[in-house]
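# model this:
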Amino acid sequence: MSSIRALIVDDEEPGRTNLRYALQDHPDWNIVAECASVTAAREALLVCAVDVIFLDIQMPRETGLTLARELSTQASPPLVIFVTAFNAHAIEAFDLHALDYLLKPFDDQRLTLSLERATAMLKQRQQASYAQAMSQYIQAEDEAKKDKPAYWQQVSVRSVGRIECIQLADVLWIEAAGNYMQLHLQQDQAGGKIQRQVLHRVALSQLEKHLDPACFIRVHRSAIVRCDQFHQLEVVGDGIYQLKLVNQDTVPVSERYVAEIRKRMHDG
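The predicted structure follows:
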């Protein structure tokens, strides 16, 4: 593909300078403008065609999230690589929504990974799905500021060169798989329903707190199941249980969750 046009938005000059020098080692990347504020970035976007924005979050007057919120309403926005000092909540949110980020101070290896991900997404023309993922992220951040944040209805999953937005209504159960979790899905396709599995590089516990407990419950340290998928609770040994699901999958069950599962099954 042709040169990738980048915009740097950071209120601190050393931050802009460091990123500018780092990008010099990547000849396919061209910095079209550098901005010290969200206001300046808006003006630059009016006159410059931009593929990727390196967007600092913590800025005075208007934060980077203000600009991200505006971009998320576009059908095909520039990709955003968020730049931030370490913040556990921010990093978890980016991971959950499959968005990319750089931690200050960033190293060359992490920058290269972010550039490769952005390049792959641009090649596959993934801005539309990216806009949806960023919109979900902004909505979740807005909800988190409320006393009763809403439970999620969908999640964004990154694979090579693309982001897929998955409806939680299509998720039958979720399984821990090392540093990943595996979503077991049933989705409508031409000719009927198909079942498939999708890996998401997020810990099970990270997603669990955003799931509606009326719809999903943990049944084992390695599994969360949608309640309407319960079919039969089986005893397979002394204090050892498993849950057979409607689709005939079997899921291990910890003894501590047996009473709640039986209650849910009884209540229908």
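# name every strand pairing with the helix or strand where Gln242 lies and say which way it goes.
Per DSSP states H and E: Gln242 is located in strand 240-245. With DSSP bridges as the test, strand 240-245 is paired with strand 230-237 (antiparallel), strand 250-253 (antiparallel).
# what are the phi and psi angles of the residue nearest the centre of the chain?
Central residue of the chain (C-alpha atoms, centre = their mean): His97, 1.4 Å from the mean position. Taking degrees, to the nearest 10, you get phi -100, psi 10 for the backbone angles of His97.
# circling back to that earlier point, quick check: which of the strands paired with strand 240-245 is buried the most?
Most buried of those by mean neighbour count (mean count of other C-beta atoms under 10 Å) is strand 250-253; its value is a mean of 18. The C-beta positions use only the backbone N, C-alpha and C, and glycine is treated the same way.
# mean confidence for that one?
On average, the pLDDT along strand 250-253 is 95.
# any buried residues in the helix or strand following it, and which?
Next helix or strand after strand 250-253 toward the C-terminus (DSSP H and E): helix 258-267. Under the neighbour-count criterion of 16 or more other C-beta atoms under 10 Å, helix 258-267 has Val258, Ile261, Arg264 buried.
# stretch 56-63 too?
By neighbour count with 16+ other C-beta under 10 Å, stretch 56-63 contains the buried residues Asp56, Ile57, Gln58, Met59, Thr63.
# narrow the residues you listed to those in strands?
Asp56 (DSSP state E).
# buried sites along stretch 101-119?
Within stretch 101-119, judged by 16+ other C-beta under 10 Å, the buried ones are Tyr101, Leu102, Lys104, Phe106, Leu111, Ser114, Leu115, Arg117, Ala118, Thr119.
# narrow these to those in strands?
Of those, the ones assigned to strands by DSSP E are Tyr101, Leu102.
# in CSV: the buried residues of stretch 101-119, plus pLDDT.
Formatted as CSV, the buried residues of stretch 101-119 follow (pLDDT from 0 to 100):
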residue, pLDDT
Tyr101, 91
Leu102, 91
Lys104, 87
Phe106, 87
Leu111, 93
Ser114, 92
Leu115, 94
Arg117, 89
Ala118, 90
Thr119, 91
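# and the buried residues of stretch 101-119, which is closest to His184?
Set against His184, the nearest of the buried residues of stretch 101-119 by C-beta to C-beta is Arg117 (25.6 Å).
# relative to Tyr101, how far out is the closest one?
11 Å (C-beta to C-beta, to the nearest Å).
# what residue of this structure is the furthest out?
Within the chain, the residue lying farthest from the chain centre (C-alpha atoms, centre = their mean) is Asp238, at 39.7 Å.
# for the stretch 151-268 of the chain, which segments count as strands?
Ranges of strands in the stretch 151-268 of the chain, per DSSP state E, counting those that start in this stretch, are 154-159, 162-167, 171-177, 180-189, 192-200, 216-220, 223-226, 230-237, 240-245, 250-253.
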